[in-house]
Each structure stands twice: as structure tokens, then as C-alpha cells.
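A.B. asks: just to be clear, the model below is a prediction. Sequence and coordinates:
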Amino acid sequence: MQKSAVAQGGVSTPHNGIHERDAARHATWVARGVVFVGVSFALLMALLCGFSLYQSRTDALAHTGDSLQDVALLVQRDVQRNLDLYDLSLQAVVDGLQEPAVMQLPTALKRQLLFDRSATARYLGSMLVLDASGNIIIDAEHDIHRVGNFADRAYFQVQRDTPNLGLYVSDPFASRLRRGAPSVALTRRISHPDGSFAGVVLLTVQLSYFRDLFEGLALGPHGSIVLMNTRGVLIMRQPAVPEIGRSYAQSKLFTRFAQAAESGQFVETPMLDHMRRLYAYRKLTPYSLIVAAAAAEQDIYADWNRRVIVLGAIMFVSMTTFVILSFMLGEQLKRRILAEENLKKMARTDALTGLNNRRTLSDILDNEWRRSQRTHHAFSLLFIDIDHFKAYNDTYGHPVGDQALAAVARSISSHIRASVDSAARYGGEEFVVVLPNTSEAAARAVADKLIVAIAALGMEHAKSEYRRVTVSVGAATWHPSTHATVNAVVQSADEALYRAKAAGRNRVMSGGSG
């Protein structure tokens, strides 16, 4: 039996190994491409969904802003219309007081003429005429006026000290004549013909008017509507707060109102409850008032947040499923490509040795011969035959003979140039090595190296004169400048092989060259 073990299995030529690596790379890139496309598509869907959600969020804010502007406009018009009517009544009283004929009328007739039922309007408090000292001299509700002095009130002092002020709307105060009812005063100055201060016409409006007006407005669970004057004093707020009459002149919210145009909107966090809101405001410039409707951000985006959760969950599941399917499809395509390449390899290679088969050898010879003709480089061929192989099979059996063929094939593959040379099983125990761009001397050197390497395997061969497995090699080199064909090169190498065997085997013989 043999002294050295021969490993089982076939081998791959350098060309086959390159094809396998290329196929594996190709399959990997195809799989990665499918995954990349799948992930990209999933990300694109997520991007589109995100953009849609962002747009809907922007739309929700814009829609709320428009609604708040409508509310602010509604309140502005209602308040301004009523204050305009009240101001006309005040101006009528001021004008009437300038008429001597009116002042000479009896008290009851004078009161009716000056106030003309205006004091009976809903939400009005007192309507009075005060002298220069702040005392009541005419009372719209009584022929005999009530007793009171209001010289300490800011609305009296500001008219006294500012001759051309015009209409003045006061800060909220507790009415002395209405049992502390929260009110604001509208006042106008009365002047003597020489322009000196003669007193004040006063009309009070109950804050319940603003409260009732605001209560009918729907601004969401955390919405609010605010009325304040341009001095920063809070006149009314809905929902109601105890801070009515307090000054917020130093607050960020009032600063935004004071610096802004006649109308607009912005987002701010007020001092009252520290809840971030969108404010839409309008200024009542003639009355130094600001009305602002506000909606809390958590109310504005409540529906949007629910939509994000639902769509986000659906999108996450869809994206995850799509990506997983992409990975699965990529893996399936990779396996399919490798399987197809394996089938091609099986069709190209010899099953026992793993070398190219005879059919593939024909294609290799044709391609390399054409290339040699194009490049005008030498073309060499080795014909290799295992010596006394029939006797080897008869002595050791065909399974061991197959092992010997595989071992010789591996040795041939490992001693030729990777990615350049090609080895094939020609049939039985014969092999062919194609050596492109190889001179006769270089081909002879490769053949010598193969003879030494195969003999060095140490596979015992009792029927051989060398006592081990050896090979004989026929080499042929041809230059495409001649008119020879590739078949002529093959025939020359085959003839050289027979001469090597006739000369004692385990050697190289060269064929023709040209």
C-alpha cells in the first residue's frame, strides 16, 4: 500500500477559484443591493410619512391660529362697538354741559336730557358728573345725586392732569356705589372756556360684561381669552383668575403684545399658569386695550399626537416587515445565484479532480489562442500523463486511484500561476495545462517543477520503476505569427508526451515551436 495518505476530494484550478470568488462577490452584492433598495424604500416611506405628519402638524397650528384670529376679531368688534356707544354718551354729556340753557333746566329734566336713558343699558354701572374737586354733582340714576368724592381715583387724576387726553379707560376697581362690584371707568374731561379743569364725566362698565362675553367662546380644555390694557393691567380673563387688576407690564407676554403690530399671533408661556399657548391678538387702539385668544399647544396637537401614535405604529410594523422581507429576498437571491453558479461550475469542471473538464478546456484554448493572436505573445501547452496508472489501479484499486488523481490535480493547480494559467482533466489520467504568454523555456520550467512536485508527494507505486507515482509531460510552444492552429499545438504536445514516455517516463519532452 501507499506510504503517504492522499487527501480526499477534488480541487479547483485558479480560474475556477476566481470564478467562485467572483460569483460569491456577485451574489453578496446582489443580496446587499436588494437589502439596500428595501431599506431605502422603507426609509423613503418613513420620510414621506414623516413629512405628511409634519405638514399636518403645521396645518393644525395654522388652522388653530386662524380660528383664534376669528375669535379675537369677534371680541374686538363687540367690545369696540359697545365702547363706541358709551363714548358717544360721554361726549354728549360733555357737550350738553357746555350749553348754558341745559344747565338752567330743572334737575330731573336736565338729567334726562344729558343721559338720555343710556344709564339703563345692561352692564352699565354708574354715570356721573364730577366737579373739579371730585364730588358728584349730577347722577344719571337719581334726581338728588348721591354723595361721593372720587378725587383719589386714577381715572379722575389723569383727566385733571392731562388736558388733551380724550377718552380714558381705567384699570379695574371695586365700585364704591355698587357694593364693590368689579368695574372699569370710561371718563372724559370737562373744561372751562379758558381750558382749565372743570371736572369729569364718568361712566362705569361692570366686568361681568366681559366675563359673559368670554364665557360663550370655545377655545379648548386649556384655552383662554385675555383682555388687558396697554399699561399691562389685566382686565378680564377666561377661565377666571383672581389676579384681575394686577399689572403684568414686566411679563414676557405683555412685552410681546406691546412690541407687536395691531394684530398677529405668537407662541408664549404666560406667568399665570406657565402653560405654553398660541396667542392671536388684536388691539383696540382708541381705548388702549388688547384682546387675545389663546389655545394650549397640548390641545392644538392632541388629535395630531394620537394620529402620530397610530400611524407611527403602523409605519414601524410596515417598515420592519418590509426590511425583513428584503433581507429574506436578498438571501434567497444570493443562494439562488450561488446555486446557479455551482451548476455552471459542475458543468465546467471535472467532478473527481475539480479541474476544468474537456469541454471547458476547449473554450479556454480557443479564448487564449485568440488573445495570443491579438497580443502576439507566445502560447504554451503541457500534456501531463500519470505513469503506469492502469497498473496503479489494478494494484491498489480504483478508490485509491481516484485519490491519486485528485492529489496530482491539486499539485498541478498549486504550481501554476493563479488567474493566468488553466489546468484541465483531458481524460482518464491525462491533464492539460494552458500557459498563455509563456515561452518555451518558461513552459519547460513549469513542467520540470510539476514533475518534481508530484514525485515529492511520495505516493507508493509498486509497479513503477521509480517506486512512486510520477508523471510524464509533453510541452509545446507556438507563436501565433505562424499559420498553425491551436489543434496543431495540442497535437505537438501530445506527440511530445509519447516521446517522454518512450524515453523512460518521469520527464519532459518538448514539441515543435514556431
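C.D. replies: It's in.

A.B. asks: tell me which element His63 is part of?
C.D. replies: Assigned by DSSP states H and E, His63 belongs to helix 14-97.

A.B. asks: which helices and strands sit right next to the helix or strand following that helix?
C.D. replies: Toward the C-terminus, helix 14-97 is succeeded by helix 100-103 as the next helix or strand (DSSP H and E). The contact analysis (3 or more CB pairs under 8 Å, 6 or more residues apart in numbering; DSSP states H and E) places helix 100-103 against helix 107-115. The way it works is simple: take the backbone N, C-alpha and C, and place the C-beta from them, glycine included.

A.B. asks: gap between the helix holding His63 and the chain center?
C.D. replies: The chain centre lies 14 Å from the centre of helix 14-97; the measure is CA atoms, centre = their mean, to the nearest Å.

A.B. asks: name the SS class of Asp152, please.
C.D. replies: Reducing the assignment at Asp152 to three states with DSSP: H, G, I helix; E, B strand; the rest coil gives coil.

A.B. asks: would you list the phi and psi of it?
C.D. replies: phi -90, psi -10 (degrees, to the nearest 10).

A.B. asks: report the separation between it and Ser208.
C.D. replies: With the distance defined as CB to CB, to the nearest Å, Asp152 ends up 25 Å from Ser208.

A.B. asks: more neighbours: the two, which one.
C.D. replies: For Asp152 versus Ser208, the count of surrounding residues by other CB atoms under 10 Å is larger for Ser208: 14 against 8.

A.B. asks: where in the stretch 101-250 of the chain is pLDDT low?
C.D. replies: Residues of the stretch 101-250 of the chain meeting the criterion pLDDT under 70: 116-121.

A.B. asks: nope, the stretch 401-514 of the chain is what I was after
C.D. replies: Checking the stretch 401-514 of the chain against pLDDT under 70 turns up 480-483, 512-514.

A.B. asks: could you redo the last one with a cut-off of 50?
C.D. replies: With pLDDT under 50 as the threshold, the stretch 401-514 of the chain has low-confidence stretches at 514.

A.B. asks: what ranges do the strands span in it?
C.D. replies: Counting by DSSP state E, counting those that start in this stretch, the segments of the stretch 401-514 of the chain that form strands are 422-427, 430-436, 471-478, 508-510.

A.B. asks: out of those, which is the most enclosed?
C.D. replies: Using mean count of other CB atoms under 10 Å, the stretch among the strands of the stretch 401-514 of the chain with the largest mean neighbour count is strand 471-478, at a mean of 26.

A.B. asks: what distance separates that strand from the middle of the whole chain?
C.D. replies: Once both centres are worked out by CA atoms, centre = their mean, strand 471-478 turns out to sit 66 Å from its chain's centre.

A.B. asks: that strand pairs with which strands?
C.D. replies: Strands that pair with strand 471-478, judged by DSSP bridges, come out as strand 379-386 (antiparallel), strand 508-510 (parallel).

A.B. asks: could I get the strands of the stretch 401-514 of the chain in CSV, plus columns for distance to Ser196?
C.D. replies: Below are those laid out as CSV (distance: least, CB to CB, whole Å):
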stretch, distance to Ser196
strand 422-427, 123
strand 430-436, 123
strand 471-478, 133
strand 508-510, 139
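
A.B. asks: quick check, Phe327 in contact with Val37.
C.D. replies: No: distance between Phe327 and Val37: 11.6 Å, which falls outside the contact criterion (CB atoms under 8 Å).

A.B. asks: okay, now the domains of this protein?
C.D. replies: Domain assignment of the chain by automatic domain parsing yields the ranges 100-206, 213-299, 349-510.

A.B. asks: gap between the two ends of the second one?
C.D. replies: It stands for domain 213-299. Using CA to CA, to the nearest Å, one end of domain 213-299 lies 22 Å from the other.

A.B. asks: repeat that for the last one.
C.D. replies: Distance across domain 349-510, first residue to last, is 27 Å (CA to CA).

A.B. asks: repeat for stretch 470-486
C.D. replies: 27 Å.

A.B. asks: distance between it and the chain's centre?
C.D. replies: Stretch 470-486 sits 65 Å away from the centroid of its parent chain (CA atoms, centre = their mean).

A.B. asks: quick one on the thing from earlier: and of the strands of the stretch 401-514 of the chain, who's closest to Val184?
C.D. replies: Of all those, strand 422-427 sits nearest to Val184, with 104.8 Å by CB to CB.

A.B. asks: got the angle between the closest one and helix 14-97?
C.D. replies: Between the axis of strand 422-427 and that of helix 14-97 there is an angle of 130 degrees, by axes from the mean of the first three to the mean of the last three CA atoms, to 10 degrees.

A.B. asks: contacts for strand 422-427?
C.D. replies: The set of residues that contact strand 422-427 without belonging to it, under CB atoms under 8 Å, 6 or more residues apart in numbering, is 13-15, 350, 352-353, 355-358, 360-361, 364, 368, 383, 405, 409, 412-413, 416, 431-434.

A.B. asks: do that again at 6 Å, thanks
C.D. replies: Residues external to strand 422-427 that are found in contact with it (CB atoms under 6 Å, 6 or more residues apart in numbering): 13, 15, 350, 353, 355-356, 361, 364, 412-413, 431-434.

A.B. asks: need the phi and psi values for Leu128.
C.D. replies: Note on Leu128: backbone dihedrals following degrees, to the nearest 10 are phi -130, psi 160.
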